[in-house]
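S.K.: Output the structure for:
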Amino acid sequence: MLTDVDGVTWIDTEGSHGPGLLDFLTKMVFWAKVTPVGRPDMTVLTLVGPAVRAGAIADLLEIPAEAGVYAAGDLPELRHDDEPLGFWRVMPSIGEGRTLPVVDLIVPDSDVLTWWKAIADAGAQMSGTWTYEALRAAAIRPRIDVDTDDRTIPHEVNWIGGPDEQGAVHVDKGCYRGQETVARVHNLGKSPRQLVLLHLDGSDDIRPQTGDRILGGARAIGRVGTVVDHFEYGPIALALVKRGIPVDTELAIATGEDAVTIPARIDPDSVQVDDRVQAGREAIAKLRGTQS
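M.R.: Okay, the predicted model is just below:
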């Protein structure tokens, strides 16, 4: 995630990726007057729900009512003469139908408890990461290294587009590793897999693990990502499955050393239909029309 605040660009990612990302960015500095610096001393607190954009919590954080997705700003002083340190950032909504507003607070480790108490005093109900993960999964928002593997391309997890599309990979500017693959799929083809929501058989207490194979009949058709117990859906999982698999296909997930199989089915509402006119296909069609 990339955020600009007061002339400083903050990039936060999974902790395991931090050192490698910092090394890469440092090597990419040529003429620009920029100094990449690691900040492992910062923590992300995530607030979810309507109250984060209105009322006492929004007033505490001083978030303007008109702030849109990815808007960011300095956090206010909590004590007199304190210098602002840390920032708030509006994030894409999560939950079923993506209707729950989300705001991230990025604060120094030393201030986490102070902000935690201030937010609780403003009316927030505290919860752990399982709650957030369940809401994220219901919104079909992938997490790197959990819902992706070393073969994942952006199209498979709906990461194509700029900020307006809440994407991660822009197709109209820049040059980056893997751009040829992204451009080819975007303009000519379809991604080999797609991210879907699975409803799991919860009659047993056994749950699949991230990375488990998904079977459609006798053949493997995908991998399991996030696995959670949702307060309304019950046990669910995000999964990368082969594109074109019928939504009514009876699936089974092989998990554990004994390869216990867990029945699963695809949520039909999670399957996105890409019916846009692809520029490359359109150009080929025009060329063939001209030749004919």
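
S.K.: what mean pLDDT would you report for the longest strand along the chain?
M.R.: Criterion DSSP state E: the longest strand present in the chain is strand 219-230. Mean per-residue pLDDT for strand 219-230: 96.

S.K.: Figure out how far it is from the centre of its chain.
M.R.: Mean-position distance between strand 219-230 and its chain equals 16 Å (CA atoms, centre = their mean, to the nearest Å).

S.K.: and if you look at stretch 128-142?
M.R.: 10 Å.

S.K.: Check which residues of the longest strand of the chain are buried.
M.R.: 221-228, 230 (16 or more other CB atoms under 10 Å). Every C-beta, even on glycine, is put in place using the N, C-alpha and C of the backbone.

S.K.: so Ser110 sits in a helix?
M.R.: Yes - under DSSP: H, G, I helix; E, B strand; the rest coil, Ser110 falls within a helix.

S.K.: Using a markdown table, lay out the buried residues of strand 219-230 together with distance to Leu47.
M.R.: Compiled in a markdown table, these are given as follows (distance: CB to CB, whole Å):
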| residue | distance to Leu47 |
| --- | --- |
| Ile221 | 37 |
| Gly222 | 33 |
| Arg223 | 31 |
| Val224 | 29 |
| Gly225 | 24 |
| Thr226 | 20 |
| Val227 | 24 |
| Val228 | 19 |
| His230 | 20 |
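
S.K.: Arg136: which of these is nearest?
M.R.: Thr226 (7.2 Å; CB to CB).

S.K.: And Thr226, how close does it get to Ala220?
M.R.: When distance is defined by CB to CB, to the nearest Å, Thr226 is 19 Å away from Ala220.

S.K.: that older thread, model confidence over the helix or strand that the longest strand of the chain is followed by, on average?
M.R.: Once the chain leaves strand 219-230, the next helix or strand it forms, by DSSP states H and E, is strand 234-242. For strand 234-242, the mean pLDDT works out to 97.

S.K.: Which secondary structure elements does strand 234-242 sit against?
M.R.: helix 129-138, strand 193-200, strand 219-230, strand 260-266 (3 or more CB pairs under 8 Å, 6 or more residues apart in numbering; DSSP states H and E).

S.K.: give me phi/psi at the closest residue to Thr181 other than its chain neighbours?
M.R.: Of all residues not flanking Thr181 in the chain, Ile153 sits nearest, at 6.0 Å (CB to CB, 6 or more residues apart in numbering). Backbone torsions of Ile153, given as degrees, to the nearest 10, read phi -120, psi 160.
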